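Student: Build the 3D model from these lines:
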Amino acid sequence: MSATKQLDQLVDQFQKKRPIRAGSLIITLYGDAIVPRGGTVWLGSLARLLEPVGINERLVRTSVYRLVKEHWLQAEKIGRCSYYSLTGPGLRRFEQAFKNVYDMSSLEWTGSWTLVLLTQLDSDTRRRVREELKWLSFGSIGQGVMIHPRIRREELLPLLQEWEAFDDTIVMQTHPVEPLSSRAMRREVRESWNLDELGGRYRRFLNQFRPLWQELKDEDNLSPEECLIARTLLIHEYRKILLRDPLLPDALLPGDWEGRSARQLCRNLYRQLYERAEAWLDETLENASGPLPGPNDGFYKRFGGLRD
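Tutor: Below you'll find the model as predicted:
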């Protein structure tokens, strides 16, 4: 099967999902392609990028309107054209959502955990803060107790202020007194983050995108537009899994953890596709001044470096 047919299958799989979460795909496209180019785009060029995956202009307009209402995006109207950029809170959410997508580094874990106690919050605030923490891939180890191995207390405090939960939330940093990967700790980790389900999601990701990688290695005949579609779907599916993955230390993960293979596959495919995808973005994306500028230097540092 050719790479083009493999891509058609990926698009078909996306279109069959119900409901089609166009807003989520727009978030992916913003974070992956638009933010590195300044972050502001004409609605018409955004619709042109999304049309090949079955998202028509009407659905784009509806989804962007919702993202504005949810304070992700802000609009500027010049003449008859609308241009959209990230709000301040939206930019912080994007940074959290994409922080680990392109990072290939593996920091040594000290054995410290960040604990967040929500027990003193009223029920509505507790529910809202819990959902925000799950967005940051915190796990739950009990009623009103959330835990994370990587996010530090000083990173979390400004977010609690933004969520208006600072005064009634308890944040603690632990220090290890037991072996870092004791049997009890590994069991707790497996339950708190449901590693069986998370591993299953990584396996499905590998089954989705490995065939495309195999075909591209044999014969890469994708057009620039097709490369952008493939890259967007790749990062979209990978990003959604990472939202639930705290990137646990290797010592706490199974030896055959699928997340390692998924990260390498994502890196390989991205590096294969990015140049032609960027050429399509050069041709398609516009803001009020004309074509968007090229991607910033940080873009080329993704996945440990795109140009080496």
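Student: Please enumerate the helices of the stretch 1-150 of the chain.
Tutor: Listed in chain order, the helices of the stretch 1-150 of the chain (DSSP state H, counting those that start in this stretch) span 3-15, 22-29, 43-50, 57-69, 88-98, 123-135.
Student: TSV for those helices, including distance to Trp257?
Tutor: Using the backbone N, CA and C atoms, a C-beta is placed for each residue, glycine as well. Formatted as TSV, those follow (distance: least, Cβ to Cβ, whole Å):
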stretch	distance to Trp257
helix 3-15	24
helix 22-29	24
helix 43-50	33
helix 57-69	34
helix 88-98	22
helix 123-135	21
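Student: Out of the ones you listed, which gets nearest to Asn287?
Tutor: Nearest to Asn287, of all the helices of the stretch 1-150 of the chain, is helix 43-50, at 8.6 Å by Cβ to Cβ.
Student: hmm, who's touching that closest one?
Tutor: 22, 25-26, 29, 33-34, 55-57, 60-61, 64, 81-84, 228, 232, 281, 284-286 (Cβ atoms under 8 Å, 6 or more residues apart in numbering).
Student: ok, 6 Å please
Tutor: For helix 43-50, contacts defined as Cβ atoms under 6 Å, 6 or more residues apart in numbering pick out 57, 60, 82, 284-286.
Student: Give me the buried entries from the residues you listed.
Tutor: 60, 82, 284-286 (16 or more other Cβ atoms under 10 Å).
Student: Those: which two are farthest apart?
Tutor: Farthest pair in the buried ones among the contacts of helix 43-50, by Cβ to Cβ: Ser82 and Thr284, 16.7 Å.
Student: could you point out the longest helix in this protein?
Tutor: Looking across the chain with DSSP state H, the single longest helix is helix 258-284.
Student: And that helix, how far out from the chain middle?
Tutor: Taking Cα atoms, centre = their mean, to the nearest Å, one finds helix 258-284 lying 14 Å from the centre of the chain it belongs to.
Student: how far away is Leu195 from Pro246?
Tutor: Distance, Leu195 to Pro246, using Cβ to Cβ, to the nearest Å: 10 Å.
Student: what residue ranges in the stretch 201-308 of the chain score low on pLDDT?
Tutor: For the stretch 201-308 of the chain, applying pLDDT under 70 flags the ranges 308.
Student: what's the pLDDT at Met104?
Tutor: Among the per-residue scores, Met104 shows a pLDDT of 80.
Student: thought it was touching Gly305?
Tutor: No - Met104 is not in contact with Gly305 according to Cβ atoms under 6 Å; the separation is 8.8 Å.
Student: just to revisit the earlier point, reformat the contacts of helix 43-50 as JSON lines; add distance to Arg48.
Tutor: Below are those laid out as JSON lines (distance: Cβ to Cβ, whole Å):
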{"residue": "Glu57", "distance to Arg48": "9"}
{"residue": "Val60", "distance to Arg48": "9"}
{"residue": "Ser82", "distance to Arg48": "14"}
{"residue": "Thr284", "distance to Arg48": "6"}
{"residue": "Leu285", "distance to Arg48": "9"}
{"residue": "Glu286", "distance to Arg48": "9"}
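Student: closest to Phe14 among those?
Tutor: Closest approach to Phe14 among the contacts of helix 43-50 (Cβ to Cβ): Val60, at 15.0 Å.
Student: Pull up the gap between the residue nearest to the closest one when sequence neighbours are not counted and Arg37, please.
Tutor: Once flanking residues are discounted, Val60 sits nearest to Ala47: 4.4 Å by Cβ to Cβ, 6 or more residues apart in numbering. The gap separating Ala47 from Arg37 is 17 Å, by Cβ to Cβ.
Student: higher neighbour count, these two?
Tutor: The neighbour comparison of Ala47 against Arg37 (other Cβ atoms under 10 Å) goes to Arg37, with 20 against 17.
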